[in-house]
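Student: got a predicted model here, sequence first, then my questions.
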Amino acid sequence: MKDFNEQNFKEQFKLNLERKYVKSFEDADRFEKYSALSETIMDLITKNWTETNKQNKDKRNAYYFSAEFLIGRSLGNNLLNLGILDEVKSILKDLDIDFDEIEDEEDDAALGNGGLGRLAACFMESGATEGLNLHGYGVRYSQGIFKQRFENGFQKEYGDAWTERGDFWSLRKESESQIVNFRNFSVKAVPYDVPIVGYENGVVNTLRLWQSEPIENGGFDFEDFNDFRYDKSLSEKNRAEDITRVLYPNDNIRAGKLLRLQQQYFFVSASIQELIQKYKKAHPEDTDFKNFDKYHVFQLNDTHPVIAIPEIIRILLDEENMSWDDAFGVASKVFAFTNHTVLQEALEKWNLDLIHEVSPRAVDIIKEIDRRLMETLKNEGYTIEEMEPYRIVRDDYVEMAFLATYLSTSINGVAEIHSQILKDQTLNQWYKLYPEKFNNKTNGVTPRRWLQYANPELTSYVDELLGNEEWKHDLTKLVELEKFKDDEEVLNKFNEIKHEKKVQLAKYIKKYEGIEIDPNSIFDIQIKRLHEYKRQLLNALNILHMYYELKENPDLDIYPRTFIFGAKAAPGYFRAKGIIKFINEISQMINNDPEVNKKLKVVFVQNYRVSYAEKLFPAADISEQISTAGKEASGTGNMKFMMNATVTLGTLDGANVEIFREAGLDNNYLFGLKEEEIREIESTYDPVKIYEENENVKRVVDALLKEEKISDNGTNHFLDIYNSLVDSKDNDRADVYYLLADFDSYVEAQAKVDADFRNRKEWAKKCLINMANSGMFSSDRTIRQYAEEIWHI
Ligand code: GL2
């Protein structure tokens, strides 16, 4: 950072602390120091922030509309991007303050569920780093995703009041508040602006998160209060604040609740109102918004913000008195849509009555869009049957993905295979109509947080090897590492650094989970939301298989292995919670059995989140990416492992396909059915036959009901899991995610890992090659493609 003065910073830090808490520096506790430090850093950011804002004016800007931004912590990342991380660390050291302890005082801003929300956060950071005029718009939930603890092996959820002790990384912009009108009440949307600091480039972009509040008097009714109706006196306040009180903790599953739709409408309505007001002020001459699309493009992050489409039409029709054709014309030029899943249970379909509850005009407008589309198709000669697949409104439900696809200028998937499935299957009818709109934007992750910040040891070694830091500005330069792939000294050092990260993780796990793990064992890690399609259960079944093999033959030569899991289950997802309990039971059984626990360990870390992830990714030997082929749209954890020099054990799914291509199959472990193979066997697949004929499968599946050392404590969780695999009573068919079909193939791949890991040099070579070829998975590349190919900013 230009003109960073350590002495001034130190003084300012002390001054802030004393002013804020009226305490001498020595008496302040860690949190007080953390908050004063954060405020000192915010002061440094604001100058560039104002400057960036000025420069973006009167330009074409891109707006990223997303119901989720999974930011995590900001302190370390902002220091890194400002280029003063080392300086501030040494200032703290002078003051006898341990940076790691201060860092741990920051609560994660967990305003997202998983990959989709974290992708939005990576995009914001990469946008600023690439100097793009990109702005995020979302929701400031008072409660982020729940905190998870295990009690007797069961997941228990606790609230996440992340701002309770203060939120030091946003500015409340009272004067830019908007009024959002629901059908029968109105609220005030107050923006909180979060600075997004570009990497060492002086750019500071804005993420604007809206908070819902009562319009007047803080929603407090004095008369009610005076007459002792205390609850009622606050009912207005509560009703307004309810809108942004809590993030729906569902990953890849639609919520379908009124409050959820209210949240969606709330943040897009506030955003669009603001942008229209600003446009009118800047372009008073353009009364029919003829040039609006030249200045704005809205990227819809999945279907969650798609209610923005009828909203902009409503404003142009009802408030700007435009004609349908003109209003529709504007709307059809400013949106672009990203689809993030092909799982049917995740695709949003909103009931018309529910939409009516939120915005009655939206119902009229959506119906009119549908009606006119049908008319157009009819005029083009389509028969009734041919028109049917294009109905946006069907049986009183609105297919939000269809609405988005019809109105958007671009529709993209998030990995090659996923974008292909959109074209061939999920949105095939639309692809036939508008082939030119469809494109792919393979996801990426920011190397600042996920490599430089999470793994400073590997970062400085790469600096040393490459002799410069250009790779930090262009991650594809990492490919130059390949020239060291046979250099013994380098390979040893790669192993040494990995070991160091494993030692650090082991300490952290000891501290927070109370479990001792051996850094010399293979760290085999699966961290992601808990979902049947992600197949944590397949991982668990293989662990059981290894356990039984060892019990049968205690001298079996298996390389010591530590299986690590991290995952939250949606609170209402019974089966996912059963799988957590199952893995925790296996963990107890194995970890406490002296006959096997020198060779096997299983740890399920609690409350997996961004800040925990930063410790896990760099310490992995194996990246588990084992979803049923065709189901994981992309995955982004897979990229974080790869960047940290880790081999992947995975199926041909999502971005794994591209990871395998970039780093080579020799350096990774591929197993399982391919997507087209699954489609071929779909109609005849018989998991019960596999179960009956394959002894290994039978043994581990039966364990669910028969293993005496594990128990679901009478909850029927394990019976439910058992049934899901081999009993089709409640399902159309059992084992919908093909665990049993892939079991042997997975066990075999795991055996290959066991054999290969012993050759430490060859293993390090695989790790190095993976890292060297991870360049294309930087979100800098992804965001540049959005900017150049979709947004034209
Ligand atoms: C997801 C996909 O499941 C995941 O594969 C993808 O990497 C991310 C980001 O594109 O999007 N879709 C989705 O609904 N969630 C995801 O994480 N929640």
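Tutor: Yep, it's here.
Student: what's around the closest residue to Gly650 other than its chain neighbours, how many residues?
Tutor: Closest residue to Gly650 apart from its sequence neighbours, by CB to CB, 6 or more residues apart in numbering: Gln625 at 3.3 Å. Bear in mind the C-beta positions are built from the backbone N, C-alpha and C, glycine included. When neighbours are defined as other CB atoms under 10 Å, Gln625 has 28 of them.
Student: separation between Gln625 and Asp756?
Tutor: For Gln625, the distance to Asp756 equals 17 Å [CB to CB, to the nearest Å].
Student: mind checking the end-to-end distance for stretch 92-107?
Tutor: 20 Å (CA to CA, to the nearest Å).
Student: and if you look at stretch 60-80?
Tutor: End-to-end for stretch 60-80, by CA to CA: 29 Å.
Student: show me where pLDDT drops low in this protein?
Tutor: 729-731 (pLDDT under 70).
Student: tell me the contacts of whichever residue of the stretch 401-550 of the chain sits closest to the ligand?
Tutor: Using CB to the nearest ligand atom, Val414 is the residue of the stretch 401-550 of the chain that sits closest to the ligand, at 3.9 Å. Val414 makes contact with Leu119, Thr338, Asn339, His340, Asn440, Lys441, Thr442, Asn443, Ala633, Ser634, Gly654, Ala655, according to CB atoms under 8 Å, 6 or more residues apart in numbering.
Student: turn the residues you listed into CSV, including secondary structure.
Tutor: Shown next, in CSV, are these (DSSP: H, G, I helix; E, B strand; the rest coil):
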residue, secondary structure
Leu119, helix
Thr338, strand
Asn339, coil
His340, coil
Asn440, strand
Lys441, coil
Thr442, coil
Asn443, coil
Ala633, coil
Ser634, coil
Gly654, coil
Ala655, coil
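Student: which of those residues come close to the ligand?
Tutor: Filtering these for proximity to the ligand by CB under 6 Å from any ligand atom leaves Leu119, His340, Asn443, Ala633, Ser634, Gly654.
Student: quick one, what contacts the last one?
Tutor: Going by CB under 8 Å, 6+ apart, Gly654 touches Val414, Ala415, Ile417, His418, Gln625, Ser627, Glu632, Ala633, Ser634, Gly635, Asn638.
Student: top of those by neighbour count?
Tutor: Of all the contacts of Gly654, the most densely surrounded is Glu632 (31 neighbours; neighbours counted as other CB under 10 Å).
Student: need the contact list for that one.
Tutor: Applying CB under 8 Å, 6+ apart, one finds that Glu632 lies in contact with Tyr533, Lys534, Gln625, Asp653, Gly654, Asn656.
Student: centroid-nearest residue for this protein?
Tutor: Residue closest to the average C-alpha location in the chain (CA atoms, centre = their mean): Gly115, at 2.4 Å.
Student: for it, give me its contacts.
Tutor: Asp251, His340, Asn443, Lys528, Arg529, Ser634, Gly635, Thr636, Gly637.
Student: was I right to think the fourth one contacts Gly114?
Tutor: If I follow you right, that is Lys528. Yes. In this structure, Lys528 is within contact of Gly114 by CB atoms under 8 Å, at 6.6 Å.
Student: could you say what helices and strands the one helix or strand Pro195 maps to packs with?
Tutor: Using DSSP states H and E, Pro195 falls within strand 186-197. The contact analysis (3 or more CB pairs under 8 Å, 6 or more residues apart in numbering; DSSP states H and E) places strand 186-197 against helix 30-56, helix 75-82, helix 115-129, strand 171-172, strand 178-181, strand 204-213, helix 258-282.
Student: next structured bit after the second one?
Tutor: Spelled out, it's helix 75-82. helix 85-94.
Student: that next one versus helix 75-82: what angle between them?
Tutor: Following axes from the mean of the first three to the mean of the last three CA atoms, to 10 degrees, one obtains 130 degrees for the angle between helix 85-94 and helix 75-82.
Student: helix 30-56 and helix 85-94, what's the angle between them?
Tutor: Going by the same axes, to 10 degrees, helix 85-94 makes 150 degrees with helix 30-56.
Student: before we move on, what SS does Asn201 have?
Tutor: Using three-state DSSP, the three-state assignment for Asn201 comes out as coil.
Student: per-domain residue ranges of the protein.
Tutor: For the chain, the structural domains run 1-56+76-107, 58-73+111-443+784-790, 470-675+736-777, going by the TED database.
Student: how long is the last one end to end?
Tutor: Here the two ends of domain 470-675+736-777 are set 17 Å apart, with distance taken as CA to CA.
Student: please name every helix or strand in contact with the helix or strand where Leu465 lies.
Tutor: In this structure, Leu465 sits in helix 456-466 according to DSSP H and E. Applying 3+ CB pairs under 8 Å, 6+ apart, we find helix 456-466 packed against helix 488-513.
Student: and stretch 463-482, how far from the chain's centre?
Tutor: Relative to the chain's own centre, stretch 463-482 is displaced by 27 Å; criterion: CA atoms, centre = their mean, to the nearest Å.
Student: just stretch 633-641 next, same as before
Tutor: When distances are taken as CA atoms, centre = their mean, stretch 633-641 is centred 10 Å away from the chain's centroid.
Student: what are the contacting residues of it?
Tutor: Contacts to stretch 633-641, defined as CB under 8 Å, 6+ apart, come from residues 115, 118-119, 122, 339-342, 413-415, 418, 442-445, 450, 525, 527-528, 613, 617, 620, 623, 625, 627, 648, 650, 653-656, 659, 774, 777.
Student: out of those, name the ones that lie in helices.
Tutor: Among the contacts of stretch 633-641, DSSP state H puts Gly115, Arg118, Leu119, Cys122, His418, Ala613, Asn656, Ile659 in helices.
Student: in TSV, list the residues you listed along with distance to Phe150.
Tutor: Formatted as TSV, the ones in helices among the contacts of stretch 633-641 follow (distance: CB to CB, whole Å):
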residue	distance to Phe150
Gly115	23
Arg118	23
Leu119	28
Cys122	29
His418	33
Ala613	18
Asn656	29
Ile659	31
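Student: out of these, which is nearest to Asn553?
Tutor: Asn656 (33.1 Å; CB to CB).
Student: show the contacting residues for the closest residue to that closest one other than its chain neighbours.
Tutor: With sequence-adjacent residues excluded and distances taken as CB to CB, 6+ apart, Asn656 is closest to Gly650, at 4.4 Å. Gly650 makes contact with 623-627, 638, 656, 659-660, 668-671, according to CB under 8 Å, 6+ apart.
Student: quick check: bridge partners of Gly650?
Tutor: Under DSSP bridges, the beta-bridge partners of Gly650 are Gln625, Leu670.
Student: any idea how far it is from Cys122?
Tutor: Gly650 sits 21 Å away from Cys122, going by CB to CB.
Student: again, but for Glu748
Tutor: Taken as CB to CB, the span from Glu748 to Cys122 is 34 Å.
Student: if you count surrounding residues, which of those two has more?
Tutor: Remark: of Glu748 and Cys122, Cys122 carries more neighbours, 28 against 12, as counted by other CB under 10 Å.
Student: re the thing from before, for the helix holding Leu465, which residues meet the burial criterion?
Tutor: Leu458, Thr459, Tyr461, Val462, Leu465, Leu466 (16 or more other CB atoms under 10 Å).
Student: just put those in JSON lines and tack on distance to Ile583.
Tutor: Shown next, in JSON lines, are the buried residues of helix 456-466 (distance: CB to CB, whole Å):
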{"residue": "Leu458", "distance to Ile583": "29"}
{"residue": "Thr459", "distance to Ile583": "33"}
{"residue": "Tyr461", "distance to Ile583": "34"}
{"residue": "Val462", "distance to Ile583": "35"}
{"residue": "Leu465", "distance to Ile583": "39"}
{"residue": "Leu466", "distance to Ile583": "40"}
